[in-house]
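Novice: Quick one, what's the 3D model for this:
(chains A and B)
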Amino acid sequence: MLRITLLALLLLSCVGMFARADDAATFRRQVAPVFERRCVSCHGGAHPKGGLALTSKQAAFAGGESGAIIEPGKPDESLLVAYVSGEKPRMPKDASPLTANEVAAIRRWIAEGAAWPQDLMLVDRKPLDGNWWSLVPLAKVSVPRIADSWIRTPVDAFILAALRERNLAPSAEAARRTLIRRLTYDLHGLPPTPADIEAFVDDPSEDAYPTLVDRLLASPRYGERWGRYWLDVVHFGESHGYDKDKPRPNAWPYRDYIIRSLNEDKPYDRFVEEQIAGDVLDPTGFQATLATGFIAAGPWDFVGHAELREGTVDKDIARSNDRDDMVAGAMSSFLSLTVHCARCHNHKFDPITQEDYYGLQAVFAGVERADRPYDVDAEVAGERRALEASQRWLEGLLATDRNRAAEVQAALRAVQARIAALPKQLVVYAATSRFAQQGSFAPPAGPRPIYLLARGDVRRPQREVAPAGVACVQGPQPSFALADPSDEGQRRAALAHWLSDPRNGLLRRSIVNRVWQYHFGQGIVDTPNDFGRMGSLPSHPELLEWLAGWFIENGHSLKKLHRLLVTSSVYRQSSRSNPQFARLDSGNRYLWRANRQRLDAECIRDSMLAVSGKLDLAMGGPSVQQFFFKDDHSPVYDYARFDVDDPRSLRRSIYRFLVRSVPDPFMECLDCADPSIMTPKRNTTLTAIQALALLNNPLATRQAEHFAQRLRTLAADMPESIDAAYLLALGRRPTNREREALIQYAERHSLEAACRVIFNSNEFVFID
Amino acid sequence: MRPDADTTSRREFLWNLGGGLGGIALASLLADSGLLAESPSSQTGARPAGSVHHPAQAKRVVQFFMSGAASQCDMFDYKPELIRRNGQPFDPGEKVELFQSNPGNCMASPWGWKQFGECGKWMSDLVPHLAGCVDEMAFIHSMVSKSNVHGPATFMQNTGFVLPGFPSMGSWISYGLGSMTDNLPAFVVLPDARGFPPNGPGNWSAGFLPAAHQGTLIKPSSANPIADLFPPAEAKYITPQSETEALRLLGELNTAHLEGREGDSRLEARIKSYELAARLQLSAPAVLDISGETEQARRMYGLDQKITEDFGRNCLIARRLLERGVRFIQIWSGADNGFPRRNWDSHEDLERDHGVMGASMDQPAAALVKDLKARGMLDDTIVIWTTEFGRMPCSQGAKGRDHNPFTFTSWLAGGGIKGGVTYGASDQWSYKAVETPTYCYDLHATVLHLLGIDHEKLTLRHNGIDRRLTDVHGRVIREIIA
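Specialist: Predicted structure coming up:
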């Protein structure tokens, strides 16, 4: 009864508001939208054209360089009307004139007194090109019909057609010794063993190469290599960042989830869905819950969330920044869209509105980044969920029905006892709506309301926005039909399905381009996180469409995609340059040769360990802390105070504990990704500091010693040692000159010193 | 490093520096190849085309960063009204939202105030030595921050953004102007001897710029001032002789490797990087060795007193780095937020904690300004003194001050800056900027301008946006330019 009365009062007060605002109805409904779509993009912002801004009442009535433009009550004397009407209207400049209806609405509004509510701010809503290449549905593309013995796969046909158009031609196939080194680094991030090399080089069978590809793809080393790329993209780190950079000891299960998913060849559409809403889509399977570590991967402002008081402006800013990171992460990683550019204003270049942006913030409005408990056993998980539901129900009952208090309390105690008796839960740092309170950081009661913010300013909320996808992505339905919008899980599940919708071509274009980039050193679209107007255009647009379609037809299998790409002739070319072609296409955009690649930080480090014989191939589990750690008000991470002989040094680099504020200097100078920013493609620098690190970092100098010791066990004398060193580190035997020089050097100084030289050679870090 | 340096004593000197074995080996290697004869200031640093937009008034920058938020109203922002109302309720006429506390009473500075210089600037007794430099300084009393939390605010002063992952001012300048020397990095960071500030090395990160532009950490008070500059002592198999020959052998192998791989400039760039590394091994120990500095210089920088010793050493080394062509140096006063206090974050006891921080900073910082002036270097070296935000004029508890993002003070000197001026003002309390509120964007734009860079044109496309140090803001503060 009470509720009904309140509702009635609320409705009555709303009616009253509308009645009062009615004199501005013409403006709100008919004029403001015209200004926003047609005028504000020039007459707004920091430097409005002609000094005239049409963004607020005050600015519009102040007029511009030509004086006042609105004379209330007198449309014929208003400069605004004169500018937009007539035979050849002066405004909008260099664009189609306003329609007769629009002009009439402006006249009527002025005639009625030009009411403009004081607080109504207008924003730029200029419609942009909705048919941009990346936003339209996937096109059916047929493979170019070229007969040429060079062509092994459809990919080759596309590449060859593009080469011929530009008077280019493919290079010869690389030697087998080069191929196995290239392929092993590409798929495993490690050097091939001498035995593997010799077996492949000597393999007489026709399908020696595809057999090698299959063997490498079947190895768990594959997931460790390619998982690292994904962790770069999603800016996965294991401390919060900012001031008082606290560690996240439970972030690693997400890393293991990524490696496992890749090794199991989980279909990519499912992989995407799980990372957005795995906990909702598969509530009993704990693996899918681990996947939501994706949402929590980025930095988190501990002080802003846990120390600032609720209700302060800075608290709201911290929260808004946090949502922003989730939105940017999801849209950059999965769609290569720069939706985050629409936080303060509509996207300047792509058809993405502030409405779109805040609709995505609303998707994540009910979750925070926190430690989330989970059950490994599906039955236990189901039982726990049922018991917790009973508990909530009983608690509610207790609060409303005092008559049966004793009875309810007894039942509640029984339920609580059964919950307590369940097996202990494990913990993952992930997206969650339920977690233990920490200072002022508490679980939200439900999704927080998300408002469109003028200029992105939390102090200027405009109107509440509902969770939705991005309207400009053609195909899937952007508006979500949620049965219960107060259930935050439904919001994320809806986004997950919107992303994975088979009609969402952008999702497929984005991933096949990423995979292409890592194999070939350069994406078909060279801006892997930006498929918008400010990004690059595809070098091979038809190939990209064809690959995206092929990927869907092949069950979103990443392993099949790898196989398709690396078995192609274009992949198997020599990396040798050719002055004539270099003049035509110096950047090798059309792939007339293979791109030589410098190994990344992880590969260099892992290779030293592999070559020295010390690499520990144990998989998964808590990350290894390769630093001295002291937990404090502000924790201390010190890499210099860590013993390089500690067994934790010997794990693969993907298992390193990744601190945001204090990255490992050795890895950082080798262009390792900064976990505070999304890194779709690493920089490759060659600096003096890098040279010093490879020469003098204790890890490097120590591994040179282990390498030498290993050689002594493998070889009888110095010449044999040098041969073995070359085979292990560089995959070939030394030339006579190299052998002589190294023997002489090792004999004068030490085998250790010779091994250190090999680790520092260009050949060790560049892969042909 | 002079071309006529005595090679024998130089070798001994390098060797005796502890990590010197690489150095001595390289000294001989470079002497052989004639590289030693090159002047350290040879302009060989790569710079992106078109990064200099107008004639520069300065070519170097040294920035003091007071970590933890240094109080404007206890050093530079003199408010007689605050002294008058000491102990009375603080009521600026609006709701005051503070970081940790509810506002206490007005709290006058525990330090007295006097006027200094020809300009007659009021300075507190906490900074008596800086007070002697006021005629060189331009004060900005109306600095404001977008965050009242140390982490985001410290990022903001360094990178223009409250989020992690953006390039710092030093990185942008290194990227825009390149290096003035091949022997030392373009951007050097000297942290507080007690540890890193909030955000750690994220404050001097290159973000999405190439890693070469990140700040190189030098810790003069530590056993290994530059990480990995020389082989670790445990690697006994590396000797001066093995090192010389190793680099020669490496050169041979890498040159042979070039065959058949023509047209790939990265391979040659990497060969060159080892030569640059060798130069750094030679120049870094020399620049860090202050044994040749006069007794008077050591006293001036406070190396003879415990309280000023560490910061003073950093200031003196900064001067030596600037002399040798380093482009941008950041010197930190204050480490992380922790207890006992080791930075300027004086929530509990301002007099005690600012007393220590001020005394450790004042004399050495002033010494650097005066020394640069005496050497004729102040004309083209910009000195910046800043912090992440200020402190409240009211008390927190009985004796502390809470964060104040609404107004704080930065000052600049040298390199095209007008001396003895004050720009912007806070209100009668030193609570809020009321005249020309100024963000770091304006300060950054001004520094870039003095270096010949248009802050709107120094950009790099990252994740779909043409990023700048000044985001979409920034105004060159002409009022403080000479």
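
Novice: so is B:A269 in a helix, a strand, or just coil?
Specialist: helix (DSSP: H, G, I helix; E, B strand; the rest coil).

Novice: quick one: it from chain A, how far?
Specialist: B:A269 sits 5 Å away from chain A, going by C-beta to the nearest C-beta, to the nearest Å. No exception for glycine: its C-beta is placed from N, CA and C like everyone else's.

Novice: again with B:V369
Specialist: B:V369 is 29 Å from chain A, by C-beta to the nearest C-beta.

Novice: Tell me who's in contact with the residue most central in space within chain B.
Specialist: In chain B, the residue lying closest to the centroid (C-alpha atoms, centre = their mean) is B:Q330, at 1.2 Å. The contact partners of B:Q330, by C-beta atoms under 8 Å, 6 or more residues apart in numbering or on different chains, come to B:62-63, B:65, B:168, B:170, B:187-190, B:204, B:215.

Novice: try A:L543
Specialist: A:155, A:158-159, A:162, A:524.

Novice: Grab the nearest non-local neighbour of residue 73.
Specialist: Chain wasn't specified; assuming chain A. Nearest residue to A:G73, sequence neighbours excluded (C-beta to C-beta, 6 or more residues apart in numbering or on different chains): A:G113, at 5.9 Å.

Novice: wait, I meant chain B there
Specialist: Here the residue nearest B:C73, using C-beta to C-beta, 6+ apart, is B:S430, at 3.9 Å.

Novice: Tell me how far that neighbour lies from B:D77.
Specialist: The spacing between B:S430 and B:D77, counted by C-beta to C-beta, to the nearest Å, is 5 Å.

Novice: can you check B:G464 too?
Specialist: B:G464 is 41 Å from B:D77, by C-beta to C-beta.

Novice: now A:N595
Specialist: 57 Å.

Novice: more crowded one of the two?
Specialist: B:D77 (25 against 16; other C-beta atoms under 10 Å in any protein chain shown).

Novice: quick one: that one and B:S410 touch, right?
Specialist: No - B:D77 is beyond contact range of B:S410, at 11.2 Å (criterion: C-beta atoms under 8 Å).

Novice: Count residues in the vicinity of residue 118, would you?
Specialist: You didn't say which chain, so I picked chain A. Count around A:Q118 with other C-beta under 10 Å applied: 8.

Novice: meant chain B, my bad for not saying
Specialist: By the criterion of other C-beta under 10 Å, B:E118 has 9 neighbours.

Novice: and what of the one 3 residues further on?
Specialist: Look at B:K121: counted by other C-beta under 10 Å, it has 21 neighbours.

Novice: Show the contacting residues for it.
Specialist: Taking C-beta under 8 Å, 6+ apart, we find B:K121 in contact with B:115, B:131, B:134, B:137, B:139, B:420, B:422.

Novice: same check, this time on A:R732
Specialist: Counting by C-beta under 8 Å, 6+ apart, A:R732 makes contact with A:177, A:726.

Novice: Helices of the stretch 301-450 of chain B, start to end?
Specialist: B:306-323, B:350-374, B:440-450 (DSSP state H, counting those that start in this stretch).

Novice: Reformat the contacts of A:L543 as TSV; add pLDDT and neighbour count.
Specialist: Below are the contacts of A:L543 laid out as TSV (pLDDT from 0 to 100; neighbours: other C-beta atoms under 10 Å in any protein chain shown):
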residue	pLDDT	neighbour count
A:V155	98	23
A:F158	98	26
A:I159	98	27
A:A162	97	20
A:I524	97	23
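
Novice: and which of those residues is nearest chain B?
Specialist: The closest of the contacts of A:L543 to chain B turns out to be A:I524 (C-beta to the nearest C-beta; 17.5 Å).

Novice: Give the helix, strand or coil label for the closest one.
Specialist: In three-state terms, and counting by three-state DSSP, A:I524 is coil.

Novice: for A:G50, same thing?
Specialist: With three-state DSSP as the basis, the three-state label of A:G50 is helix.

Novice: Would you check that it makes contact with A:G44?
Specialist: No - look at A:G50 against A:G44 with C-beta under 8 Å: they stay out of range, at 11.8 Å.

Novice: neighbour count winner among the two?
Specialist: Neighbour count, other C-beta under 10 Å: between A:G50 and A:G44, A:G44 has more, with 23 against 15.

Novice: how far away is the residue in the stretch 401-550 of chain A positioned nearest to chain B from A:L394?
Specialist: Relative to chain B, the nearest point of the stretch 401-550 of chain A is A:D530 (4.0 Å; C-beta to the nearest C-beta). Between A:D530 and A:L394 the computed distance is 52 Å (C-beta to C-beta).

Novice: Between these two, which is the more surrounded one?
Specialist: A:D530 (25 against 20).

Novice: show me where the stretch 51-200 of chain B has helices.
Specialist: B:80-84, B:128-131, B:150-159, B:169-177.

Novice: quick check, the third one touching chain A?
Specialist: Pointing back at helix B:150-159 there. Yes - Helix B:150-159 is in contact with chain A by C-beta under 8 Å from any C-beta of the partner chain, via B:150-152, B:154-155.

Novice: okay, and for the stretch 51-200 of chain B, where does confidence drop off?
Specialist: B:51 (pLDDT under 70).

Novice: So what's the residue count around the nearest residue to the residue of the stretch 401-550 of chain A closest to chain B once chain neighbours are set aside?
Specialist: Leaving aside its sequence neighbours, A:D530 sits nearest to B:G464 (C-beta to C-beta, 6+ apart; 4.0 Å). When neighbours are counted by other C-beta under 10 Å, B:G464 registers 26.

Novice: B:G464 touches A:T338, doesn't it?
Specialist: Yes - counting by C-beta under 8 Å, B:G464 does reach A:T338; the two are 3.1 Å apart.

Novice: Find the residues that touch each one of these two.
Specialist: A:529-530, A:532, A:534.

Novice: Among those, which one lies nearest to B:D353?
Specialist: Comparing these against B:D353 with C-beta to C-beta places A:N529 closest, at 44.4 Å.

Novice: thinking the closest one is in contact with B:G464, fair?
Specialist: Yes - using C-beta under 8 Å, A:N529 is in contact with B:G464, at 6.9 Å.

Novice: Spit out the residues that contact those two alike.
Specialist: Contacts common to A:N529 and B:G464, judged by C-beta under 8 Å, 6+ apart, are A:T338.

Novice: Spit out the contact partners of residue 166.
Specialist: All of this refers to chain A. Residues counted as contacts of A:R166 (C-beta under 8 Å, 6+ apart) are A:584-585, A:590.

Novice: could you do chain B instead?
Specialist: B:155, B:159-160, B:205, B:207-208, B:467 are the contacts of B:F166 under C-beta under 8 Å, 6+ apart.

Novice: Cheers, nothing more for now.
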